[in-house]
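Student: build me a model from this:
(chains A, B, C and D)
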Amino acid sequence: MSDVSYIRRPNRLLQIYACIFLIVLYVPVLFIPLFSFNDSIYVRFPLQGFTTNWYADLMRRDPLWAALMNSLRVGLSVAVISTFLGVLAARAITRYRLAGQNALVAFIMLPLVIPGIIFGVALLVLMSRMGVPLSLYTVALGHLIVCLPFAVATLLPRFEGFDRSMEEASADLGENPWWTFWRVTFPIVYPGVVASFLLTFTISFDEFIMAFFLSSTDATLPMYIWSQLRFPREFPSVLALSSIILLVSFALVFLALRIGRLGSVRKPGAGSNGAD
Amino acid sequence: MIDAPLTGTRPAVVQERRPGRLAGLFHRSESLRGYTMLSPTMLVMAVGILAPFIILLAMSFWTRQGFEFDTTPTFANYARAMSEPIFGAFLARSFWVSGIATVATVLLCYPMAYYVAFHVHRNKMLWIVLMTLPFWTSYLLRVFAWKVILGYEGVINSALLSMGLIDAPLEFLLYSQTAVIITLAHAWAAFAILPLYVSLEKIDRSLLEAATDLGDGPAWRFLRVTLPLSMPGVIAAVFLIFIPTTGDFITPALLGGPDGAMIGNLIQLQFGAVNNWPMGAALSIVLMLWIATVALVFLLVTRKAQERLA
Amino acid sequence: MDVVDQLNAVRSGKLSRRAFSRSLLAAGVGLAAMPLAPRRVLAAEGEQGTFFTWGGFDVPELFGSYEAKNGTLPNFSIFGGSEEALTKMRGGFVVDVAHPCNAGLNRWVASGLFQPIDTSRLSNWPDVIPELAAIEGNMSASGKPWLVPFDWGQTSITYRTDIFELEGEESWDMLWDERYAGRLGSLASGGDAWWCGAIKAGVGFDDITTDEAFEKIAAVMRAQRPLIRVYTDDTTTLEQALSSGEMAAAMTWNSSAVLLKSEDVPVRFAQPKEGALTWVCGPMIHKDAPHLDRAYDIIDSLLSVEAGQFMINDYGYGHSNQKAFDAFDDETLAGLGLSKNPVDILNAGHFMVPQSQEWETRMNETFEMIKAGF
Amino acid sequence: MTSTDAFIAIREVEKFYGSFQAIANVSMDIRHGEFFSLLGASGCGKTTLLRMLAGFESASSGEICIDGQPMSEVPPYLRPVNMVFQNYAIFPHLNVRDNIAYGLRRLRLPRSKRHEMVEEILDLVKLPGYGDRRANELSGGQRQRVALARALILRPKVLLLDEPLGALDKQLREQMQVELRRLQRSVGITFVFVTHDQEEALTLSDRIAVMAGGRVLQVDTPSRLYEAPRSREVANFIGTMNFLGARVVSRANGHLRLDIEALGQLDLPAGGTPLSEGDRTCVAIRPEKITLHKDRPGGDAPALSGTLEMTTYLGERSHFHVRVPGCDNSFSVSAQNNTIQGGEGQASGRPVWLTWRDDALFVLGKD
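Tutor: From the prediction side, this is the model:
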């Protein structure tokens, strides 16, 4: 008998399926770095030859860098704000018994069940009616609406699992609510905050539809990519930049995972020679 | 909760740091604090959702007049949306395409989520990350990549040609509804895997052991225990994919070809080339109502099915 | 990279998780507090003008004199089609210079969003081909033009000489050739396709507003739809399809043929016997242009000989500066469908006639219905 | 009780949750330096009362004063009380030292001083050298000590303990009881201790408040509570008690003449009971104060005859259930095993006789 239980014993068929699934998942994505080294402005087979020109070229593509910076700015702002608002909302929802609570949660989650195009259009109409000029701020507002439900959805379970006596203990030990939040609540929900931050940043960074309707002179990266899809001369540089972004995000995620694993390995080890 | 009224006759507090009366009220009224804490989020949502929707709704009753709008309320736009077959046809096509894409995505992702939840014992996190990493690349570029794969000289056609299975490249692969469905299914996989995985992971293993103990083989166990218990994940995945894809317009614009355009493209046209914002607003409202209806029907059907199964 | 250092510090235990979170938050707040509009950051170099244009015109080669004068490039905002651009500007989007074409001129002027251009402020104005500036509806009441011609060209057929078997002369019939059903491409915008349909249907551009013309053109477009593999605004798609052989012929602008030739794809930019569709585009100044001086710098830069040579050589478009053509021989120009004397081209082809908003809307609605199969 | 005794004064405190009355008009005083327990079944309001002392719940009406200062407007973090939570609420993201030093931030002490205080308190709770441990590396007993240390380091005027021993196994619980008592003596802080375990309350407390249904039934020392419960409820809650229904025949000279079921008429001291002629009441007797006889005892002391129903052997002593004709409930009798006449193996159904000393039987308040 193996060391795994009856329910968990390996299933060959599923393993094969999982492998195929991952391959299909990755193949389209890996075309991006592949063609970023292809010596042709057209993305098509057969490959024309190896070149790193597109990477060298990147340095000179000011609009591309500007678009990247815009996306980073919007993404980080949106991630910070939506996570902050998400923390407030999740805490209020889990901490207090509020009348109409379910309706409020449903309202926050509304953007999840409404196509982006409708939001983009509605916000565009509102902005133009109110005479608000389109800018990265309007894009950020649109992204905020899209991201908030995700932030709240990520944070809510974390806050729901939160033991209220922790906060009471802090208050009891003399910390006012503000310090209690920073010394106890926040560190305990920290993983949820990080998850929310990463998720909202990723969503905003790749959001196209809102940006399509709400951006002006300052294109976000997806808007720039969209405009370059029609102009093959710049397109390989877009592929090159995207490959770099892909690589950086892979590296970051694996680094984070490694740190996480080291942390979790250390803990039980230290615990075993201690308690009782 | 009933709080004591704040009477003025209480003995003075001789505490060093005495909080004010207002702070006292704040300290005592739980729900007041709750609503205060919720208010910034609600404010943003009100500005970002309520206000635009009110104006969108209002605009859907207007009519275009050259560069301006005639704000006399009229049902003309809705009447047009009902009477002209193009709108209905596009709506039906959108629901068809994203419906198929949704079903395909959920069906394909379920075994994967199941595998990770039940058969991966170490490094589960690594698997989750592996499955979501592809979605960190730009959506547009992923769509574009599918264009390369499905294209005339694309990966599939080249492979089939070199294997001698076909004589000429398959043209239906690209610029068709098939292309849109394939791409949507790939692009939204993460939105299926995560809720499915979470709902499967939550299932208490002892329930499965109990089902086995009570005489269910793997197939029955799956049908009678695993599947019903993972239904919340399935429903979440269906909503998370079906609703946004119904309104998608980039994927059909890039890969759909003449017969692949969806309602999102039509709405976008009203705000772009056709330049009929009130009509676009009306179409958006109609789309939203239809989505709500479809979602409701889906919920009722799944509930009924679950009852039957149970 | 900052984040990596931080993660390492966490790992080695130098930084507590709390400190990490705090610094992460600080970084986030810092970045969030950074103004979202990068222009404010550049303010030290002086505010730059904004050019609202098609993708591909946001390249430094066109702004040599602007850069020399102001030390940096202007800001760009990119649109996919001039209709989209006008819609956005009517929605309150303010730029200094926008880039429409002659077909839209009337409507752009009628929107009241633009100011006439003082040509005396443009050093390159004397070299501008006068016929291009004299397009219909371009003169304001003050005698100043609304639009300064910059690029001009044709909408015609780019076809694979090795795939497409020409029967007789080059003609618009090529895009209605049933032998190549499913291997023909078209631009998606009515601003090109509808006019080409009019040429094919034999409707004179002066009669294009009549109901009869509408029906005739619509019939032609409906007949074409089953043959078309894809309608797209995205010229890359057409170019790639042509280069792979997926398409035998497609409606394109000059630049597609030029690009494909430079990639050694055997293509020709047809000169159909019925005549090609000819257009001219150019900058207009927004009435509330926040940087009026820069706006004139942008336009003057676009009109320069250097910009012109780049346009002809790299994009295959005509340019409005007569002197820009001096560097090219007649044969090269003919191959591009251009000529040193644009009047030849304008006379040989069909020059777009500006239309009213009502017409544009009706045309777009009809054409979108046809494309959708109704 | 004089007002100077009232270190914590609870005056007419009521608490409603909606229409549910959690605390019903409670008034009592807790003295300085006292180990005071709130004893009651779950849901009796004892934890609510404790949380009102801590400031987590506010009174719907009434006032709580600690050391002479009214507390209703004072938020929990400004109150001179600290609490040991039922689940200990050890912060999972901090190690033991930071947990204990948590409340010291406000005091703005130098780092070395803080460190010193933590080490000192760790010694006090017998956890020296555990400063670097994380919360999830501690056993239940250690967590409890950390929670104690964390609260005590702030030298509160009152330490509140919410069933802190409930999560521990029996052996550890007994050990911790001793330790809690030792700690309380050595630091001299007023302890308010919530428990549902009467034995624990009796062992630890100077005084105990027995609560039920949001009311305080009786506040007294453990021995008084045991020996002289004022009501059937209290008597029932603390230890085992045998009750006999009774009716007052007459009252004179501090004595009551009672007509008791199965026993007939008897004279008993009235004590503080407000009974008068004709009232229905109960007399009570503890199981260990009854002597079990196999044979009819001599003398004229009151004796009851009955049949043995069941015997439970408990090691050092045995428990007997005896059915007495004319009584609703069977009698509980407890006896040390070395004193039982007849030893082991008392067969069920055999006749037995019960006797007691005169002062063992006492009368309770009105039914």
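Student: all contacts plus neighbour counts: C-alpha atoms, from now on.
Tutor: Fine.
Student: centroid-nearest residue for chain C?
Tutor: Nearest to the mean C-alpha position of chain C, by CA atoms, centre = their mean, lies C:Trp54 at 4.6 Å.
Student: wait, that one sits on C:Phe76?
Tutor: No. In this structure, C:Trp54 is not within contact of C:Phe76 by CA atoms under 8 Å, at 9.5 Å.
Student: chain B contacts on chain C?
Tutor: Proximity of chain C to chain B (CA under 8 Å from any CA of the partner chain) is limited to residues C:83-84, C:87, C:111, C:228-232, C:241, C:244, C:246, C:357-358, C:361, C:364-365, C:369, C:371-374.
Student: contacts only, for whichever residue of the stretch 151-300 of chain D sits closest to chain A.
Tutor: Residue of the stretch 151-300 of chain D nearest chain A, by CA to the nearest CA: D:Ala151 (6.8 Å). For D:Ala151, the contacting residues are A:173, D:82-84, D:100, D:159, by CA atoms under 8 Å, 6 or more residues apart in numbering or on different chains.
Student: tell me where the stretch 201-350 of chain D has strands.
Tutor: Using DSSP state E, counting those that start in this stretch, the strands found in the stretch 201-350 of chain D span residues D:207-212, D:215-220, D:242-252, D:255-260, D:264-269, D:280-285, D:290-293, D:303-313, D:317-323, D:331-336.
Student: how about the residues of chain A by chain C?
Tutor: When proximity is defined by CA under 8 Å from any CA, chain A lies next to chain C at A:42-44, A:70, A:73-74, A:76-78, A:80, A:128-129, A:131-137, A:187, A:190, A:216-219, A:227-232, A:252, A:255-256, A:259, A:262-263.
Student: using PyMOL, define a selection of the buried residues within the residues of chain C next to chain B.
Tutor: Buried members of the residues of chain C next to chain B, defined by 16 or more other CA atoms under 10 Å in any protein chain shown, are picked up in PyMOL with:
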select buried, chain C and resi 83+84+87+111+228+229+230+231+232+241+244+246+357+361+364+365+369+371+372
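Student: of the residues of chain C next to chain B, which belong to strands?
Tutor: Among the residues of chain C next to chain B, the residues falling in strands (DSSP state E) are C:228-232.
Student: is the residue nearest to the centre of chain C in a bridge, and if so with what?
Tutor: Judged by DSSP bridges, the bridge partners of C:Trp54 are C:Phe79.
Student: for it, give me its contacts.
Tutor: C:78-81, C:99.
Student: repeat for A:Ala66
Tutor: A:Ala66 sits next to A:Asp218 when contact means CA under 8 Å, 6+ apart.
Student: what do you get for C:Glu274?
Tutor: The contact partners of C:Glu274, taken as CA under 8 Å, 6+ apart, are C:171-172, C:199-200, C:349.
Student: give me the lowest-pLDDT entry from those.
Tutor: When those are compared by pLDDT, C:Gly349 scores lowest at 82.
Student: and B:Met163, how many neighbours does it have?
Tutor: Neighbour count for B:Met163, taken as other CA atoms under 10 Å in any protein chain shown: 10.
Student: no wait, B:His119
Tutor: Using other CA under 10 Å, B:His119 has 19 neighbouring residues.
Student: correct me if wrong: it contacts A:Ala18.
Tutor: No. Using CA under 8 Å, B:His119 makes no contact with A:Ala18, being 10.6 Å away.
Student: which residue does the stretch 201-350 of chain D have closest to chain C?
Tutor: D:Leu204 (40.3 Å).
Student: quick one: the closest residue to that residue other than its chain neighbours and D:Leu202, what's the gap?
Tutor: Nearest non-adjacent residue to D:Leu204, counting by CA to CA, 6 or more residues apart in numbering or on different chains: D:Arg181, 6.2 Å away. Counting by CA to CA, to the nearest Å, the gap from D:Arg181 to D:Leu202 is 12 Å.
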